[in-house]
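J.: Predicted structure and sequence below. I'll ask about it afterward.
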Amino acid sequence: MQEFFEFRLLPRVLYKSGLVAEMGAELSSLGATKAFIVTDAGLVKSGLVEHVQQALAETVEVVGVYSDVPPNSSVTVVEAAAAQARESGADLLVALGGGSPIDTAKAMRILITEGGNLLDYEGINILERRLIPMVAIPTTAGTGSEASNFAVIKDEANNVKLSFTSPYLAPELAILDPQVTQSLPAHLAAATGMDTLTHAFETYVSTESEPMSDALALGAVEIVSNYLRDATHHGPTNEEARGQMLIASCMAGIAFTNAYLGAVHALAHATGGHFPLHHGLLNSIFLPHVVAFNASTVPDRYARLARAFGINTGGRPREEVIDDLIAGLRQLASDCGLITQLRDLGIPEDALPMLAEQAFGDGAIYHNPVAPTVDDLLGILQAAW
């Protein structure tokens, strides 16, 4: 066991079916009077934004809604939304949606509080004070952004994804309500669920892993292995499965905030920066290949993950267990209807060297249990292609 580790407890997390309708009373502790909602057009169309507005109105005034957040948010979107929120006089941001609206709201907080150029705050621990308060209501079970101190925003000018990291970026309150995930389409339930699984896997084998993040990561893996298939195929009628996946996503989010991620995310960030593809889907494709790459360095860790995943590990060679784990990851993705090869997403093979170079410079790579070379990353990309 490590002689020293630090574990951050981030937002207050509340879970209950139907909690969104009751959340107005929870806002009094934040001292806010004017709320600004950050979301996407699909959630407006679904009626969920109106539902949230009604709940907020019991306690605060809703002074604006920004609903043009795309699946992969950008610096331009953050700047436009922040300007609108600032003009409205908002003193509270409420992010409703998946990782993109939540990360957008996090980045907006920087501009609203600090002003200036968003790119000036890229990196680790640049911020020095508390930001405008924020509530996160995830409608997907994948990113864990409601519980993390990270925000990932695309720089469209350079086709790269930028990472912002600071304890001050974590929301003050996370609302987990399985009812708001009931309308999530099956393919998004699957992709976001594999994102949760990837967070847990990478956290557990990270060079920064520690006992408390380990426990959360293993718990999240067990939940995903038991509930993702039902949450994908029977989500609208299986509130338990959707609720369990929300819990797993939040657990994994807290875990990776403390222990960080690895090569899967570096590769997904690079690929997603150049091609408009779902982050969770890319993680799902890369995860088995990175497990195979890392396996000889941390076999005991992957064997423990295999046990949490439901693989029979008793008295068997670790290599055999890990082979079954890799096969199990591919089977889970396939069972949930996800594409499993990059070529089937329209990524040209001649783009792979460029993606390898870019992944090599991604911050997530530094916590991978094996320090990969650019050639190593190219080999993983070719195998995934």
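T.: Nice, thanks for sending it over. The model shown is predicted, which means the values in this text are computed figures rather than measured ones. Numbers count the residues shown, from 1 in each chain.
J.: Checking the closest residue in space to G98 that isn't next to it in sequence next. Helix, strand or coil?
T.: Of all residues not flanking G98 in the chain, T140 sits nearest, at 3.9 Å (C-beta to C-beta, 6 or more residues apart in numbering). Placement of C-beta: from N, CA and C, glycine included. Following DSSP: H, G, I helix; E, B strand; the rest coil, the label given to T140 is coil.
J.: Would you mind confirming that S67 is in contact with K45?
T.: No. Counting by C-beta atoms under 8 Å, S67 sits too far from K45 to count as a contact (9.3 Å).
J.: neighbour-wise, which of the two wins?
T.: More crowded of S67 and K45, by other C-beta atoms under 10 Å: S67, with 18 against 10.
J.: now the more buried one: how far from V152?
T.: Look at S67 and V152: by C-beta to C-beta, to the nearest Å, they are 20 Å apart.
J.: Which stretches in the stretch 1-150 of the chain count as helices?
T.: Using DSSP state H, counting those that start in this stretch, the helices of the stretch 1-150 of the chain run over residues 41-46, 48-56, 75-88, 99-114.
J.: okay, and for the stretch 51-200 of the chain, where does confidence drop off?
T.: By pLDDT under 70, the stretch 51-200 of the chain contains no weakly predicted segment.
J.: ranges for the strands of this structure?
T.: Applying DSSP state E to the chain gives strands spanning 12-15, 34-38, 61-66, 92-97, 123-124, 134-138, 150-155, 160-165, 173-176.
J.: Please produce JSON lines containing the ones you listed, extended by mean neighbour count.
T.: Formatted as JSON lines, those follow (neighbours: other C-beta atoms under 10 Å):
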{"stretch": "strand 12-15", "mean neighbour count": "15"}
{"stretch": "strand 34-38", "mean neighbour count": "26"}
{"stretch": "strand 61-66", "mean neighbour count": "19"}
{"stretch": "strand 92-97", "mean neighbour count": "29"}
{"stretch": "strand 123-124", "mean neighbour count": "13"}
{"stretch": "strand 134-138", "mean neighbour count": "28"}
{"stretch": "strand 150-155", "mean neighbour count": "24"}
{"stretch": "strand 160-165", "mean neighbour count": "20"}
{"stretch": "strand 173-176", "mean neighbour count": "25"}
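J.: With distance to A359 added, can I get the ones you listed in TSV?
T.: Converted to TSV, these look like this (distance: least, C-beta to C-beta, whole Å):
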stretch	distance to A359
strand 12-15	32
strand 34-38	29
strand 61-66	31
strand 92-97	27
strand 123-124	18
strand 134-138	27
strand 150-155	14
strand 160-165	11
strand 173-176	30
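J.: so which of those comes closest to M251?
T.: strand 12-15 (9.5 Å; C-beta to C-beta).
J.: Give me the contacts around that closest one.
T.: 23, 26, 146-147, 172-177, 243, 246-247, 250 (C-beta atoms under 8 Å, 6 or more residues apart in numbering).
J.: any chance you could map the helices in the stretch 251-385 of the chain?
T.: 263-274, 279-294, 299-309, 318-335, 352-360, 374-384.
J.: most neighbours per residue, which of those helices?
T.: helix 263-274 (a mean of 27; mean count of other C-beta atoms under 10 Å).
J.: roughly how far out does that one sit from the chain middle?
T.: 13 Å (C-alpha atoms, centre = their mean, to the nearest Å).
J.: shift numbering so it begins at 56
T.: Taking 56 as the first residue, the last one we looked at is helix 318-329.
J.: That one packs against which elements?
T.: Helix 318-329 makes packing contacts with strand 205-210, strand 215-220, helix 241-260, helix 334-349, helix 407-415, helix 429-439 when contacts are defined by 3 or more C-beta pairs under 8 Å, 6 or more residues apart in numbering; DSSP states H and E.
J.: and the last one, what other elements does it pack with?
T.: Right, helix 429-439. Counting by 3+ C-beta pairs under 8 Å, 6+ apart, helix 429-439 packs on helix 318-329, helix 334-349, helix 407-415.
J.: and the angle from the longest one to helix 429-439?
T.: Same thing as helix 334-349. Angle, helix 334-349 to helix 429-439, by axes from the mean of the first three to the mean of the last three C-alpha atoms, to 10 degrees: 120 degrees.
J.: Could you do the first one as well?
T.: Direction vectors for helix 318-329 and helix 429-439, defined by the same axes, to 10 degrees, enclose an angle of 80 degrees.
J.: swap in the last one?
T.: Using the same axes, to 10 degrees, the inter-axis angle of helix 407-415 relative to helix 429-439 is 120 degrees.
J.: average pLDDT across helix 407-415?
T.: Helix 407-415 shows a mean pLDDT of 95.
J.: Any idea how many residues pack against E77?
T.: If we define neighbours as other C-beta under 10 Å, then E77 has 14 of them.
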